[in-house]
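Novice: model this:
(2 chains)
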There are 2 protein chains.
Amino acid sequence: MKQVPIGVSARHIHLSKEHIEQLFGAGYDLKPLKPLSQPGQFAAEETVMVTGPKGRFEKVRILGPARGKSQLEVSRTDAFALGMQPPVRESGNIEGTPGIKVTGPQGEVELAEGVIIAARHIHFHTEDAAKWGIVDKQKLTVRVEGERGLTFDNVVARVSDQYAMDMHIDTDEANAAGVQNGDLGVIIG
Amino acid sequence: MKQVPIGVSARHIHLSKEHIEQLFGAGYDLKPLKPLSQPGQFAAEETVMVTGPKGRFEKVRILGPARGKSQLEVSRTDAFALGMQPPVRESGNIEGTPGIKVTGPQGEVELAEGVIIAARHIHFHTEDAAKWGIVDKQKLTVRVEGERGLTFDNVVARVSDQYAMDMHIDTDEANAAGVQNGDLGVIIG
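Specialist: The predicted model follows:
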């Protein structure tokens, strides 16, 4: 049985080095608060405020380290609260997505693009993927048991020797399925 | 193909006649704003505030007419915002569920119980259910197509000659599946 642990992604933001400096000051480095499931990735101590046309979130966690492009990942529930309709996208694929205002303690950045609802996906280490015959970008079907049990289609496989096995869903998906961090899904197709 | 229209239930409250009078004044009648999919049911013009341990919602729509027991239906996302952990329940089955403070223009009620996350369900008119061989309380499996396509287990059939066919899911479930009011699901088991 192809069991995968599930990690629930709350709304969060990735920032470029340039934007970190605009928001927190020249030469600023994020302070790691706790490591994430993917090697080298961390939740930072720092948060920012994001402001959409209809609403804002005052404390959005920054995930580090700095990335090439800034990107805000929200649930669809969050998007309604902000008054936005971002598309469902894979991380990093932000062309044509809406932007948003980001406010830090030392400044403000108007992102021209980068707001997405993250497509559900599973990180696989290369060896784990090979063992199960799964290739990068493959669309998988994953079943979750329980009172709110459901089966997710279109779960994107992301394979790299930098990854550890973890299925990432957002809070809407987790709440719809009644799952919490560390619960297990089963790849059934 | 057993297609059912989907209705997305945002957070809402049903109130007893007694609670309506405590919140809005003696002899008060709810004013229908718009009819719902189920015959005789309506969204009322009136809203109330609900206050949980961690947060509150200032304008929660009342659905009429008055019921025997008051009941607040929220998504799991809403429940976290309120600071509560209500169970997933069928409507009306509120024994042992948490209560909440409800505030109206003329008064306040401390519900002793009644906060639930509604179990996903399909209303069937008796004749429609019979045609498809579906019985009251049956657990169905319903598939939703699309970018966020998924298959819901444990969808409770509710059969009555007072019902019109409609599948009710909450906003977490709708957002997880990428569906909107009026989209179609297919009963596959």
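Novice: up against chain B, what does chain A have?
Specialist: Chain A comes close to chain B at residues A:75-77, A:88, A:120, A:147-154, A:170-173, A:175-178, as judged by C-beta under 8 Å from any C-beta of the partner chain. For glycine as for every other residue, the C-beta is placed from the backbone atoms N, C-alpha and C.
Novice: tell me the buried residues within those residues.
Specialist: A:75-77, A:88, A:120, A:148-154, A:170-173, A:175-178 (16 or more other C-beta atoms under 10 Å in any protein chain shown).
Novice: restricted to helices, list the residues you listed.
Specialist: Counting by DSSP state H, those place A:Arg76, A:Thr77, A:Thr171, A:Asp172, A:Glu173, A:Asn175, A:Ala176, A:Ala177 in helices.
Novice: now those residues in CSV, with distance to B:Ile116?
Specialist: Shown next, in CSV, are those (distance: C-beta to C-beta, whole Å):
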residue, distance to B:Ile116
A:Arg76, 22
A:Thr77, 18
A:Thr171, 19
A:Asp172, 19
A:Glu173, 21
A:Asn175, 14
A:Ala176, 16
A:Ala177, 18
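Novice: how about the helices of chain A, start to end?
Specialist: A:17-24, A:76-82, A:126-131, A:171-177.
Novice: contacts for the shortest one, please.
Specialist: Think helix A:126-131. By C-beta atoms under 8 Å, 6 or more residues apart in numbering or on different chains, the list of residues contacting helix A:126-131 from outside reads A:Val135, A:Asp136, A:Ala157, A:Val159, A:Ser160, A:Asp161, A:Tyr163, A:Met165.
Novice: what does stretch A:149-158 give?
Specialist: A:90, A:119-124, A:129, A:134-144, A:167, A:169, A:173, A:176-178, A:185, A:187-188, B:147-154.
Novice: mind putting the helices of chain A in TSV, mean pLDDT included?
Specialist: Formatted as TSV, the helices of chain A follow (pLDDT from 0 to 100):
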stretch	mean pLDDT
helix A:17-24	98
helix A:76-82	97
helix A:126-131	98
helix A:171-177	98
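Novice: got TSV for those helices, with distance to A:Ile62 too?
Specialist: As requested, the helices of chain A are exported to TSV (distance: least, C-beta to C-beta, whole Å):
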stretch	distance to A:Ile62
helix A:17-24	8
helix A:76-82	16
helix A:126-131	28
helix A:171-177	18
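Novice: highest mean neighbour count out of these?
Specialist: helix A:171-177 (a mean of 28; mean count of other C-beta atoms under 10 Å in any protein chain shown).
Novice: what distance separates it from the centre of its chain?
Specialist: Taking C-alpha atoms, centre = their mean, to the nearest Å, one finds the center of helix A:171-177 at 14 Å from the center of the full chain.
Novice: what packs against that helix?
Specialist: Packing contacts for helix A:171-177, counted by 3 or more C-beta pairs under 8 Å, 6 or more residues apart in numbering or on different chains; DSSP states H and E, involve strand A:2-9, helix A:76-82, strand A:150-160, helix B:76-82, helix B:171-177.
Novice: wait, A:Lys31 touches A:Thr47, no?
Specialist: No - checked against C-beta atoms under 8 Å, the pair A:Lys31 and A:Thr47 is beyond contact range at 11.5 Å.
Novice: low-scoring stretches of chain A, by residue?
Specialist: For chain A, applying pLDDT under 70 flags no range at all.
Novice: so how far is chain B from the closest residue in space to A:Gly52 that isn't next to it in sequence?
Specialist: Distance criterion C-beta to C-beta, 6 or more residues apart in numbering or on different chains; nearest residue to A:Gly52, sequence neighbours excluded, is A:Leu82 at 2.9 Å. As for A:Leu82, its distance to chain B is 13 Å (criterion: C-beta to the nearest C-beta, to the nearest Å).
Novice: now swap in A:Pro65 and tell me
Specialist: On the measure of C-beta to the nearest C-beta, A:Pro65 and chain B end up 29 Å apart.
Novice: who touches that residue in this structure?
Specialist: Applying C-beta under 8 Å, 6+ apart, one finds that A:Pro65 lies in contact with A:Leu30, A:Gly40, A:Gln41, A:Phe42.
Novice: now list the buried members of those.
Specialist: Buried among the contacts of A:Pro65 (16+ other C-beta under 10 Å): A:Leu30, A:Gln41, A:Phe42.
Novice: just the ones in strands from those residues, please.
Specialist: A:Phe42 (DSSP state E).
Novice: dump the buried ones among the contacts of A:Pro65 into CSV; add distance to B:Glu108 as well.
Specialist: Below are these laid out as CSV (distance: C-beta to C-beta, whole Å):
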residue, distance to B:Glu108
A:Leu30, 45
A:Gln41, 47
A:Phe42, 45
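Novice: of the buried ones among the contacts of A:Pro65, which is the nearest to A:Glu58?
Specialist: A:Leu30 (18.5 Å; C-beta to C-beta).
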